[in-house]
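In: sequence? don't have it. structure:
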Ligand code: GCW
């Protein structure tokens, strides 16, 4: 049986005998130096993997023979020191690594080295990836360093182990058994993250519970931090802004109040006494009912700076979220974050990052990039992607999200001319940010396969890979993940990869084509609900977003409407402000158009909408067939798991199609175009 627990870290015997032999010849022994916890886990991983993959036991040796795999840093390995790699290592920073085929005393060897032990661990995982994906390892010259410093998972995990927007069971943090019981899962979680370069984890939900900051929990947090440390994974916590009142007994949480400041300073010192390398705080404030500085007439910078001061001397950071909206602000919700944050540019402390969701509404299947990207040159902005599929069919839909992440990262803000991509904002190169970061809202739970849908693992994987190197293509990451997770057989890789690469566009088509958004079922955010209205807040309804009427459909965000468009650079405004030049995938995001408006295909808007919905649903039928054709290459358990989920997905895609087409038809009054099958 294979339940997917091992993720992409599967070290089963390679099926290809030539490769096996090649690898056995290239690597005959493992030579390590130093015995730090990090180097120890690197050695253990290599031993486990190399023996598993090649079928030949590998043990650490102290002498260098032909085929030695030598790992270490110039500081702890005299052999590596003698290779004089300083010029190559210096630019790589603390996390980067080198993998080189070279010679030592005339013997052909492979070297994995870095400036720090954690770099060596990252290099070791990269090396294993080469074997798992059956690359040639005889002439290696790899140099790699992350483009973003803080690569962080955000867990929306509550202390009772429920997970907000989690679809893979309960939280993997077993607070009840901590601190004394260290579940193997914690170590496997840390290994998986290290294997893709993730170096931070926020343990708790942004809708925060102040209790996590009490001693009872901090000892448990310490146990997790200790377990993660060898893998380079730092722990962060969410800070509930009203904690000084709730657990501190103060009368206020006003960030300018002296007692409040002192309370947070002491609290931070207490946390550091348990976790000396504590990463810092993530904060959701004054959004969706959460407390924040605005409760006291202060602004986001006042709040963030107060917390930043409390952790600064220990090197901690504050990630202050820009996901803010409020029903007291009647304006287009897409505008509110920009309106509140843009004027604060330059007023945050040096150790504050403002964490911005990829789009201005909320993790929809497709959104334009958030207008804050490019608009705050004096404040480091970090990206928040959602890995858990809140609005993307949750854990029953197969949706490979790399194309979504890449679409945002590669989008052009135009703020410093063409080519000012969101990626360049995030990696700091556009505005010379000193601090850089990227967060992904985790899709991890205590399901045996971690992510509910096996293919959800690919989204965890590609998030980490992109956090390290945002130039990697969706294709490359899918290829790696498939080979490591399933098999290297081309007859499997080719069709399944094509299916993955198409899957997000397919979902957009059966859920929210042409720039539609936020038309899902109320609160649970699962199925369709374009008819939702009469909730206590307009911005929680669907009709607010699609604005369908007998005359047309779409949200006018140009100057004749909410003018959210004005928050973008002039070149962007020009292109997106005209429906003729606005990319079609964003048409109804920015424009309200008549049902008979002619789109690029030559069809009317109504006909095009129907085509997209029908094609999207039909495409899921093809995914099902593709998967069926791979049965010979996949073990029965994982094959059936995916097969059953694809059956569900097909039903759901039809449900979306029929619900949306029939609902919108009540406004358009037009027939479903000939040739498309009638809704069943
Ligand atoms: O997407 C919305 C979710 C909320 C979430 C919020 C946020 C954690 O529906 O469940 O709360 O975003 O990002 O703060």
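Out: Yep, that arrived. Just so we're clear, the structure is a prediction, and the values are computed from it rather than from any experiment.
In: Most proximal residue of this structure with respect to the ligand?
Out: Of all residues in the chain, residue 362 sits closest to the ligand, at 4.5 Å by C-beta to the nearest ligand atom. All C-beta spots, glycine's among them, are computed from the backbone N, C-alpha and C.
In: and that residue, what is it in contact with?
Out: Residue 362 makes contact with 323, 391, 518, according to C-beta atoms under 8 Å, 6 or more residues apart in numbering.
In: Next, count neighbours for the first one.
Out: By other C-beta atoms under 10 Å, the residues close to residue 323 number 19.
In: Local confidence estimate at the residue of the chain closest to the ligand?
Out: What the model reports as pLDDT for residue 362 is 97.
In: What is the three-state secondary structure of the closest residue to residue 157 other than its chain neighbours?
Out: Residue nearest to residue 157 in three dimensions, not counting chain neighbours: residue 171, with 3.9 Å by C-beta to C-beta, 6 or more residues apart in numbering. Per DSSP: H, G, I helix; E, B strand; the rest coil, the local secondary structure of residue 171 is coil.
In: Residue 419 too?
Out: Of the three states, residue 419 takes coil under three-state DSSP.
In: which ones are touching the nearest residue to it once chain neighbours are set aside?
Out: Leaving aside its sequence neighbours, residue 419 sits nearest to residue 412 (C-beta to C-beta, 6+ apart; 6.7 Å). Residues near residue 412 by C-beta under 8 Å, 6+ apart: 418, 419, 420, 421, 572.
In: Which PyMOL command selects the buried ones in those?
Out: Buried residues among those (16 or more other C-beta atoms under 10 Å), as a PyMOL selection:
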select buried, resi 420+421+572
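In: Now render the contacts of residue 412 as TSV, adding distance to the ligand.
Out: Listed next are the contacts of residue 412 as TSV, based on distance: C-beta to the nearest ligand atom, whole Å:
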residue	distance to the ligand
418	32
419	30
420	26
421	24
572	25
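In: Between all of the contacts of residue 412, which two are separated the most?
Out: 419 and 572 (13.0 Å; C-beta to C-beta).
In: Pretty sure the residue nearest to residue 157 sits against residue 155.
Out: Yes - using C-beta atoms under 8 Å, residue 171 is in contact with residue 155, at 7.1 Å.
In: what's the overlap in contacts for those two?
Out: With C-beta under 8 Å, 6+ apart, residue 171 and residue 155 have common neighbours residue 163.
In: Tell me the pLDDT of the closest residue to residue 556 other than its chain neighbours.
Out: Among residues not flanking residue 556 along the chain, residue 592 sits closest, at 4.1 Å (C-beta to C-beta, 6+ apart). If you check residue 592, the pLDDT there is 98.
In: Tell me the secondary structure at residue 91.
Out: Counting by three-state DSSP, the backbone at residue 91 sits in helix.
In: can you check residue 212 too?
Out: Residue 212 ends up helix, using three-state DSSP.
In: could you list every residue that touches the nearest residue to it once chain neighbours are set aside?
Out: Of all residues not flanking residue 212 in the chain, residue 204 sits nearest, at 5.1 Å (C-beta to C-beta, 6+ apart). By C-beta under 8 Å, 6+ apart, the contact list for residue 204 reads 155, 157, 158, 159, 212, 237, 238.
In: try 7 Å this time
Out: 155, 157, 212, 237, 238 (C-beta atoms under 7 Å, 6 or more residues apart in numbering).
In: Could you do residue 548 as well?
Out: Taking C-beta under 7 Å, 6+ apart as the test, what residue 548 contacts is 664, 667.
In: Repeat that for residue 348.
Out: Contacts of residue 348 (C-beta under 7 Å, 6+ apart): 301, 304, 305, 354, 379.
In: Please identify which helix or strand holds it.
Out: Using DSSP states H and E, residue 348 falls within no helix or strand.
In: Tell me the pLDDT of it.
Out: The predicted local confidence for residue 348 is 98.
In: distance of it from residue 304?
Out: Using C-beta to C-beta, to the nearest Å, residue 348 is found at 6 Å from residue 304.
In: And this protein, what are its domain boundaries?
Out: For the chain, automatic domain parsing gives the domain ranges 17-144, 150-473.
In: near the ligand, which residues of this structure show up?
Out: 156, 164, 165, 206, 207, 284, 288, 323, 362, 363, 390 (C-beta under 6 Å from any ligand atom).
In: what separates the closest residue to the last one other than its chain neighbours from residue 392, distance-wise?
Out: Which is residue 390. Nearest residue to residue 390 in three dimensions, chain neighbours excluded: residue 165, at 4.5 Å (C-beta to C-beta, 6+ apart). According to C-beta to C-beta, residue 165 and residue 392 sit 11 Å apart.
In: quick one, which of these two is more surrounded?
Out: residue 392 (23 against 18).
In: Number of residues surrounding the residue nearest to the more buried one when sequence neighbours are not counted?
Out: Excluding its sequence neighbours, the residue lying closest to residue 392 (C-beta to C-beta, 6+ apart) is residue 399, at 4.9 Å. Neighbour count for residue 399, taken as other C-beta under 10 Å: 24.
In: Could I get the pLDDT score of residue 399?
Out: 98.
In: Check whether it really touches residue 501, as I assumed.
Out: No - Residue 399 lies out of contact with residue 501 (C-beta atoms under 7 Å); the separation is 11.2 Å.
In: Assumed residue 193 was part of a helix.
Out: Yes - using three-state DSSP, the assignment for residue 193 is a helix.
In: Can you give me every residue that contacts the closest residue to it other than its chain neighbours?
Out: Distance criterion C-beta to C-beta, 6+ apart; nearest residue to residue 193, sequence neighbours excluded, is residue 233 at 5.5 Å. Applying C-beta under 7 Å, 6+ apart to residue 233 gives the contacts 190, 193, 194, 198, 199, 200, 201.
In: pLDDT averaged over whichever strand or helix holds residue 20, what's the number?
Out: Here residue 20, judged by DSSP H and E, is contained in helix 17-26. Here helix 17-26 scores 94 as its mean pLDDT.
In: again, but for stretch 643-652
Out: 98.
In: try stretch 180-192
Out: Rounded mean pLDDT across stretch 180-192 is 98.
In: next one: stretch 415-428
Out: For stretch 415-428, mean pLDDT rounds to 98.
In: Return the distance of that stretch from the chain's centre.
Out: 19 Å (C-alpha atoms, centre = their mean, to the nearest Å).
In: Check stretch 486-496 too.
Out: 25 Å.
In: cool, and stretch 272-290?
Out: So, by C-alpha atoms, centre = their mean, the centroid of stretch 272-290 is 19 Å from its chain's centroid.
In: now the end-to-end length of that stretch.
Out: This stretch, stretch 272-290, spans 26 Å end to end (C-alpha to C-alpha, to the nearest Å).
In: Pull up the pairing partners for the helix or strand bottoming out on mean pLDDT in the chain, direction included.
Out: The weakest-scoring helix or strand in the chain, judged by mean pLDDT, DSSP states H and E, is strand 60-61 (a mean of 87). Sheet partners assigned to strand 60-61 using DSSP bridges are listed as strand 29-32 (parallel).
In: which other residues reach the strand it pairs with?
Out: Taking C-beta under 7 Å, 6+ apart as the rule, strand 29-32 contacts 39, 43, 46-47, 58-62, 64-65, 67-72.
In: And it, what's buried?
Out: Across strand 29-32, burial judged by 16+ other C-beta under 10 Å covers 29, 30, 31, 32.
In: likewise stretch 520-537?
Out: Using 16+ other C-beta under 10 Å as the test for burial, stretch 520-537 gives 520, 525, 526, 528, 529, 530, 531, 532.
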